[in-house]
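Participant: Here is my input; please provide its structure:
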Amino acid sequence: MKTVDEGPASVVLDLEVEPAIALSALRGHVAGTLRDLGEDHRYDVLLIVTELVSNVLDHTPGTGRLRILQQNAGCEVTIEVDDRSPAQPVYGRSRLGCDRGRGIVVVDNLARAWGTRPLPGGGKTVFASVRCPDDQNAAGSCRSDERD
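Facilitator: Purely as a prediction, here's the structure:
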């Protein structure tokens, strides 16, 4: 796992998604990286990360790549997950059974925007952007007052 600081405008988390990845460890790493976000904002980001990474593990062959970009000025976090499958996410249905398939519904409800874009050479990137759940124009509304 690699964390890259690209200056005051954004922070990028970039790591490979493999079948053996432990989602709990991944969530812990993401939460630690985004510890300066407010609790509700961080929780929304963690839910989306879990859903998009789970989709790679459940519905695509091989591995993927997770990137998280944090825009400090806009109080916005963008989650991007690459995979090698041409299949698009399906809203509210799953080939894995009746009790599955609500991940994209969760993403749709939490994200300001989400979608897909093709990757050169095949596959796609699924992305979702999340803003602070509070007043997005209030100074400091997306930062936690507590520091770890």
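Participant: can you give me the end-to-end distance of stretch 76-92?
Facilitator: Taking CA to CA, to the nearest Å, the first and last residues of stretch 76-92 lie 26 Å apart.
Participant: so where do the strands sit in the protein?
Facilitator: Taking DSSP state E as the criterion, the chain carries its strands at 2-5, 10-17, 64-71, 76-83, 113-118, 124-131.
Participant: Break down the chain into its helices, ranges please.
Facilitator: 23-33, 39-59, 103-110 (DSSP state H).
Participant: Average pLDDT for the longest one, rounded please.
Facilitator: Across helix 39-59, the average pLDDT comes to 94.
Participant: tell me the angle of it relative to strand 76-83?
Facilitator: Relative orientation of helix 39-59 and strand 76-83, computed by axes from the mean of the first three to the mean of the last three CA atoms, to 10 degrees: 10 degrees.
Participant: ok, and for helix 39-59, which residues are buried?
Facilitator: For helix 39-59, burial by neighbour count (16 or more other CB atoms under 10 Å) applies to 41-42, 44-53, 55-57, 59. The C-beta positions use only the backbone N, C-alpha and C, and glycine is treated the same way.
Participant: Let me know the angle separating it from helix 23-33.
Facilitator: Relative orientation of helix 39-59 versus helix 23-33 (the same axes, to 10 degrees): 150 degrees.
Participant: so helix 39-59 versus strand 124-131, what angle?
Facilitator: Between helix 39-59 and strand 124-131, the angle formed by their directions is 170 degrees, by the same axes, to 10 degrees.
Participant: show me what contacts the nearest residue to Arg84 once chain neighbours are set aside?
Facilitator: Nearest non-adjacent residue to Arg84, counting by CB to CB, 6 or more residues apart in numbering: Gly123, 4.0 Å away. With contact taken as CB atoms under 8 Å, 6 or more residues apart in numbering, Gly123 is in contact with Asp82, Asp83, Arg84, Ser85, Pro86.
Participant: ok, back up a step: single out the most deeply packed of the strands of the chain.
Facilitator: Compared across those, strand 76-83 shows the largest average neighbour count, a mean of 23 (mean count of other CB atoms under 10 Å).
Participant: List of residues touching it?
Facilitator: Defining contact as CB under 8 Å, 6+ apart, one finds that strand 76-83 is touched by 17, 34, 37, 41, 45, 48-49, 52-53, 55-56, 60, 62, 64-71, 112, 119, 123-131.
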